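Participant: just to be clear, the model below is a prediction. Sequence and coordinates:
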Amino acid sequence: MTAKLGRILRFGLVGVLNTAVYYALYYLFQLALPYMVAHVTAFVLAMVGSYFMNCFFTFRTKPSWRTFLLFPLSNVTNFVVTSTGLWVLVRWFAVDQRIAPLLAAAVAIPFTFIVAQLVLTGRSKPVAPPIREEERTS
């Protein structure tokens, strides 16, 4: 298994666990709070857990204040997509508010991985291929 594939699989496992944590918190909070307040609160708490799981397990990096403060960037797209999706699914399509967040979350996963990887491991610039001699003279 390549390192990249292993990282993607670990990210998926963390995502499943993090989704379970989020959903459990959301379910509990929405018993006493409006569903959007429950969503935001559960999302923030799950994001903190996700940061540490992704540092230690997915990307195998040391947590730092810098990456902790930047990590929410990896969830901005996720948050916007899941929040909008939750609202649309509940309001427009009458999807049960206990199930809607799971459906909305599926769309944002690839974007979250890409940004999380950039934040936690740094950005590596691809090296341009060398220019062959015949390409220089044309």
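Facilitator: Perfect, I can see it now.

Participant: give me the buried positions along stretch 112-126.
Facilitator: Neighbour-count burial for stretch 112-126, with 16 or more other CB atoms under 10 Å as criterion, is recorded at 112-113, 115-117, 119-120. For glycine as for every other residue, the C-beta is placed from the backbone atoms N, C-alpha and C.

Participant: now do stretch 20-34
Facilitator: So stretch 20-34, judged by 16+ other CB under 10 Å, has buried residues 21-23, 25-26, 29-30.

Participant: just to revisit the earlier point, CSV for the buried residues of stretch 112-126, including secondary structure?
Facilitator: Below are the buried residues of stretch 112-126 laid out as CSV (DSSP: H, G, I helix; E, B strand; the rest coil):
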residue, secondary structure
Thr112, helix
Phe113, helix
Val115, helix
Ala116, helix
Gln117, helix
Val119, helix
Leu120, helix
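
Participant: and Ile99, how far from Phe93?
Facilitator: As judged by CB to CB, to the nearest Å, Ile99 and Phe93 stand 11 Å apart.

Participant: could you do Tyr23 as well?
Facilitator: Taken as CB to CB, the span from Tyr23 to Phe93 is 19 Å.

Participant: how near is the residue lying closest to Leu103 once chain neighbours are set aside to Arg7?
Facilitator: In space, and not counting its chain neighbours, Leu103 is closest to Leu89: 6.1 Å by CB to CB, 6 or more residues apart in numbering. To Arg7, Leu89 is 31 Å away according to CB to CB.
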